[in-house]
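Visitor: Okay, here's the prediction I keep looking at, along with the sequence it came from:
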Amino acid sequence: MPSRMEDFGFFLSRTFATTRARRRTWPYVPGTYFVTDPRAPIAVTTLGSVELAEAVSRHPPAGLCIVGKVETENIGIEKIIKNILSNPAIRFLVCAGNEPPRHLTGATMLALFENGMDENQRIPGAPGMRPILRNTSAAEVHAFRQQVQPIDMIGCTDVAAIHARVRKLVQSAAPAGVGGRPGDAPQAHPAVERVFATGTDPRHIKLDKAGYFVIHIDGDTLLVEHYDYQDSLIRVIEGRDARSIYLTLIRNGWVSTFDHAAYVGKELARAQRSMEQGIPFIQDGA
């Protein structure tokens, strides 16, 4: 089956409040990834190798479900967990490609499978800078480790070798993992606020809030995740245009400085243009 690019944010990214109840097809979590067969048993993350993800998705072997990068050892891994848990067909997670410097998401992922998560939501033995899963429960980590077997191909950027490993793995996949159906979208975290953006001009601007924003496109809607600097999701803002979202952020005091406000406005404008033109959106660094 030909691969298709999903511009809903990277899979192997999370349900949090970004999971919208009206989104009816898997993967439910926003991200940029390539789906080849949603009922197949093998997922591949190319870690920090961005171009490799698309290359692996071309002419995919039977058994390949989804492929995408993952660059952060906390939020990125959480999104992997959420999307895989919502698709019981997936039985293997291949970690290939080159490690993102300092984040070391592949080694952190393997440490999660080996050691789980402690009471402080930290992954013991993980080498990444901040291997803390603040938006994931112990029950989710346990279920993830039970469902999926990790396959260590870290450092491998050979598409043919990755395809060969997928073909070998599909032969050993349990029958329950082949042809399975994705489940319902997981429920959003009950403590996370969801806000619908409006375009009313703000009367009072409060510039005393901290945090950062991650912007996604979901069909004809812009989704903005608001995190604190402990990487905990605070809220999700959604709207049909950049202006409405930007004014909502300003009106509620969710932008802390003028330079941050300028950056967010620029990225929202880029995201809206990408949405209108039907092209992928990748958020620039601040």
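Guide: Cool, the structure landed.
Visitor: domains of the protein?
Guide: 4-177, 193-277 (automatic domain parsing).
Visitor: pLDDT averaged over the first one - what is it?
Guide: Domain 4-177 comes out with an average pLDDT of 87.
Visitor: picking that back up, which one of the domains of the chain has the most crowded surroundings?
Guide: domain 4-177 (a mean of 21; mean count of other CB atoms under 10 Å). C-beta here means a position set from N, CA and C on the backbone, and glycine is covered the same way.
Visitor: any idea how far it is from the chain center?
Guide: 9 Å (CA atoms, centre = their mean, to the nearest Å).
Visitor: And the strands in the stretch 1-150 of the chain?
Guide: All strands of the stretch 1-150 of the chain, identified by DSSP state E, counting those that start in this stretch, fall at 4-9, 31-35, 42-45, 64-68, 92-97, 149-154.
Visitor: mind putting those in TSV, distance to residue 276 included?
Guide: TSV is the format used below for these (distance: least, CB to CB, whole Å):
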stretch	distance to residue 276
strand 4-9	13
strand 31-35	17
strand 42-45	30
strand 64-68	24
strand 92-97	31
strand 149-154	38
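Visitor: Compare those and report which one is nearest to residue 107.
Guide: The closest of the strands of the stretch 1-150 of the chain to residue 107 is strand 149-154. By CB to CB, the value is 7.0 Å.
Visitor: Sheet partners, orientation included, of that closest one?
Guide: Using DSSP bridges, strand 149-154 pairs in its sheet with strand 92-97 (parallel).
Visitor: tell me the angle the partner strand makes with strand 64-68.
Guide: 40 degrees (axes from the mean of the first three to the mean of the last three CA atoms, to 10 degrees).
Visitor: Could you export strand 92-97 as CSV, CA atoms only?
Guide: The C-alpha coordinates for strand 92-97 follow below in CSV (Å, rounded to 0.1, in the frame of the first residue of the first chain):
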residue,chain,number,x,y,z
PHE,A,92,7.1,-4.4,17.4
LEU,A,93,8.8,-1.0,17.6
VAL,A,94,12.0,-0.8,15.6
CYS,A,95,14.4,2.0,16.7
ALA,A,96,16.6,2.9,13.8
GLY,A,97,18.4,5.9,12.5
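Visitor: Residue 270: which element?
Guide: helix 258-277 (DSSP states H and E).
Visitor: now for that helix, which elements pack on it?
Guide: With contacts taken as 3 or more CB pairs under 8 Å, 6 or more residues apart in numbering; DSSP states H and E, helix 258-277 sits against strand 212-218, strand 221-227, helix 242-251.
Visitor: With distance to residue 33 added, can I get those in JSON lines?
Guide: JSON lines is the format used below for the helices and strands packed on helix 258-277 (distance: least, CB to CB, whole Å):
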{"stretch": "strand 212-218", "distance to residue 33": "12"}
{"stretch": "strand 221-227", "distance to residue 33": "15"}
{"stretch": "helix 242-251", "distance to residue 33": "23"}
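Visitor: among the ones you listed, which is nearest residue 98?
Guide: That would be strand 212-218 among the helices and strands packed on helix 258-277, by CB to CB, at 22.7 Å.
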